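Engineer: sequence and predicted model, in that order:
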Amino acid sequence: MNKRYVIGICITVLVLGINQIFIQYWLKQKKTDANTINVAGKQRMLSQRITNEFCAIDRGAKSDEFLIELLDQWKNAHQLLISRSTKSTVVSGDIKVTSELKKLDKYIRFIEEETKLLGESKLNLETITQNQNSFLSEMDAIVKILEKNSDKKLRFIVQIEYLLFFLALLILILEVYFIYRPIEKEMKASSLILEEKNEKLNHAFEKIKVKNKELNEITYIASHDLQEPLRTVSSMVDMLSTRYKESFDEQGKMMLGFIESATSRMRNLVKDLLEYSVLGQNRELSEVDCNEILNDVKQDLDHTISQNNTIITWGNLPVLTAYKSELRLLFQNLISNAIKFQHPGNQPKIEITSESSGEYWKFKVSDNGIGIKEKYKEKIFSIFKRIHSKEEYEGTGIGLSHCKKIVDMHDGKLWVESEEGEGSDFYFTIRKEIVKFNL
């Protein structure tokens, strides 16, 4: 992520966080001021009730117990009001109310003295009423001061809110101008570059498709057309061998045999090259049971398997989505090689297993053959690369190239683990979800 973009987000979050703190502070102050004014209102109400209680006691309608209880509540409310006003946070220009509240102590002390004299002398209701009226008058003035201070604090907080709002707006404008616009320009430039590269890549891909098609056609035509002169040469050799073989001396007969052998090998090479060039064309993905494929391969190779007394075993192999004919050829080539490359007189034993490995199925074809030297482990998968002479083991050296091409078609990998004289383990992987991609 672009660093400027991260910085812009951090600044925005910071400003919004500060704004949220002030909103919470504003709500807290509003609640505190409202509670303080409520306490003042309660004290004012208690003052009026105390006056009424003195009047009732004077008429003999009530005892003094409730009056004493009201006096205690009045005093507690007064102390609470002083405590809150002392702790109250004020802004510049606020009027302190603590000193004004303390001036009301004289009115409370007067009532306390009058309460102590209850029953000893007649109550002076006029003086008591004047005392309480004076208290109420001063309390009303204090409430107005509290309301005025609250309004000032709230106006101050609202001003801060407006300031933060305009600051956030300014930061947003600056972010758009200095951060997001350059990022947008960079993204557009990158998008144009990417589009240009994609266009070039598509163009190159189309050229590769054309070249690949031409190469396959050339390979097919070359291998197909080569068969005709080879058939002619082979026919002529057969005719010479049939009609004039007795006319040749021993050296001529040997040379005729060389020609027959070379023609046969050339015909097999051309045939394998033709098969390699068309391998995978017009292929279709389908659901394939590997167990059924191996049964078919075993049936196809029945003569070779019986002739060599081969033992082939496999576990419960998976059902997967693959190219059926090509996968069958893959197993057939690996099994044929495992039977072919054996020490004389050795009984071939082949085991096939599989396991799930992430996005792939992983297969292993193990044999007890002659093994492979370390230096040949990569070479054997190249087309027409032989590591044994044709006198030792027949073949054209293209079987494992077929296998590699088939595995590549399934978006997998093919490799071998082996030691000379200890047999070989051929591994290959098949992607579980193959994306069809034709060149």
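Structural biologist: Alright, I've got the coordinates.
Engineer: how much space between residue 256 and residue 235?
Structural biologist: Taking Cβ to Cβ, to the nearest Å as the measure, residue 256 falls 14 Å from residue 235. From N, CA and C alone the C-beta is placed, and that goes for glycine too.
Engineer: apologies, that question was intended for residue 19.
Structural biologist: 97 Å.
Engineer: neighbour count: the two, which is higher?
Structural biologist: residue 19 (17 against 11; other Cβ atoms under 10 Å).
Engineer: surely that one touches residue 164?
Structural biologist: Yes: using Cβ atoms under 8 Å, residue 19 is in contact with residue 164, at 4.7 Å.
Engineer: and what about residue 322, helix, strand or coil?
Structural biologist: Secondary structure for residue 322, judged by DSSP: H, G, I helix; E, B strand; the rest coil, is strand.
Engineer: enumerate every residue touching it.
Structural biologist: 285, 286, 288, 410, 430, 434 (Cβ atoms under 8 Å, 6 or more residues apart in numbering).
Engineer: quick one: strands adjacent to the helix or strand hosting residue 288?
Structural biologist: Following DSSP states H and E, one finds residue 288 within strand 285-289. Next to strand 285-289 in the sheet, as set by DSSP bridges, lie strand 319-323 (antiparallel).
Engineer: which residues in the stretch 251-400 of the chain form helices?
Structural biologist: Ranges of helices in the stretch 251-400 of the chain, per DSSP state H, counting those that start in this stretch, are 290-300, 302-307, 324-340, 399-409.
Engineer: with the stretch 51-200 of the chain instead?
Structural biologist: Along the stretch 51-200 of the chain, the stretches classed as helices by DSSP H, counting those that start in this stretch are 65-87, 98-102, 105-116, 125-175, 181-243.
Engineer: can I get the ones you listed in JSON lines with distance to residue 58?
Structural biologist: Shown next, in JSON lines, are the helices of the stretch 51-200 of the chain (distance: least, Cβ to Cβ, whole Å):
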{"stretch": "helix 65-87", "distance to residue 58": "11"}
{"stretch": "helix 98-102", "distance to residue 58": "29"}
{"stretch": "helix 105-116", "distance to residue 58": "11"}
{"stretch": "helix 125-175", "distance to residue 58": "6"}
{"stretch": "helix 181-243", "distance to residue 58": "83"}
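Engineer: which one of the ones you listed lies nearest to residue 44?
Structural biologist: Closest approach to residue 44 among the helices of the stretch 51-200 of the chain is made by helix 125-175 (5.1 Å; Cβ to Cβ).
Engineer: mean confidence (pLDDT) on the closest one, please.
Structural biologist: Averaged across helix 125-175, the pLDDT comes to 81.
Engineer: that helix packs against which elements?
Structural biologist: helix 3-58, helix 98-102, helix 105-116 (3 or more Cβ pairs under 8 Å, 6 or more residues apart in numbering; DSSP states H and E).
Engineer: wait, which of those is closest to residue 239?
Structural biologist: helix 3-58 (83.8 Å).
Engineer: what angle do the closest one and helix 65-87 make?
Structural biologist: Calculated by axes from the mean of the first three to the mean of the last three Cα atoms, to 10 degrees, helix 3-58 forms an angle of 150 degrees with helix 65-87.
Engineer: for helix 3-58, what is the average pLDDT?
Structural biologist: 78.
Engineer: other SSEs contacting it?
Structural biologist: helix 65-87, helix 125-175, helix 181-243.
Engineer: got CSV for those helices, with distance to residue 370 too?
Structural biologist: Formatted as CSV, the helices and strands packed on helix 3-58 follow (distance: least, Cβ to Cβ, whole Å):
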stretch, distance to residue 370
helix 65-87, 97
helix 125-175, 72
helix 181-243, 31
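Engineer: looking at these, which is nearest to residue 309?
Structural biologist: helix 181-243 (33.7 Å).
Engineer: pLDDT on the closest one, on average?
Structural biologist: What helix 181-243 shows for mean pLDDT is 75.
Engineer: what does stretch 261-273 give?
Structural biologist: So the average pLDDT for stretch 261-273 ends up being 66.
Engineer: now do stretch 430-439
Structural biologist: Regarding stretch 430-439, the rounded mean pLDDT is 69.
Engineer: who wins for proximity to residue 420 among the helices of the stretch 251-400 of the chain?
Structural biologist: helix 324-340 (15.6 Å).
Engineer: which elements pack onto the closest one?
Structural biologist: strand 285-289, helix 290-300, helix 302-307, strand 349-357, strand 360-367, helix 399-409, strand 424-431.
Engineer: list of residues touching it?
Structural biologist: Under the criterion Cβ under 8 Å, 6+ apart, residues 279-280, 283, 286, 288, 290, 293-294, 296-297, 300-301, 304-305, 308, 310, 312, 348, 350, 352, 365, 367, 369, 393-395, 399-400, 402-403, 406-407, 409-410, 424, 426, 428, 430 lie in contact with helix 324-340.
Engineer: tilt between that helix and helix 399-409?
Structural biologist: With the same axes, to 10 degrees applied, the angle from helix 324-340 to helix 399-409 works out at 150 degrees.
Engineer: top of the contacts of residue 322 by neighbour count?
Structural biologist: residue 430 (26 neighbours).
Engineer: pop the domain breakdown of the chain in here.
Structural biologist: The chain breaks down into these domains under automatic domain parsing: 3-183, 283-431.
Engineer: what about the first one, start to end distance?
Structural biologist: Domain 3-183 has an end-to-end distance of 10 Å (Cα to Cα, to the nearest Å).
Engineer: please compute how far it lies from its chain's middle.
Structural biologist: Between the mean C-alpha location of domain 3-183 and the chain-wide mean there is a distance of 55 Å, by Cα atoms, centre = their mean, to the nearest Å.
Engineer: mind checking how far residue 434 is from residue 409?
Structural biologist: Distance of residue 434 to residue 409, computed by Cβ to Cβ: 8 Å.
Engineer: again, but for residue 173
Structural biologist: Separation of residue 173 from residue 409 (Cβ to Cβ): 57 Å.
Engineer: ok, residue 141 next?
Structural biologist: Distance of residue 141 to residue 409, given as Cβ to Cβ: 97 Å.
Engineer: who's more crowded, these two?
Structural biologist: Neighbour count, other Cβ under 10 Å: between residue 141 and residue 409, residue 409 has more, with 21 against 12.
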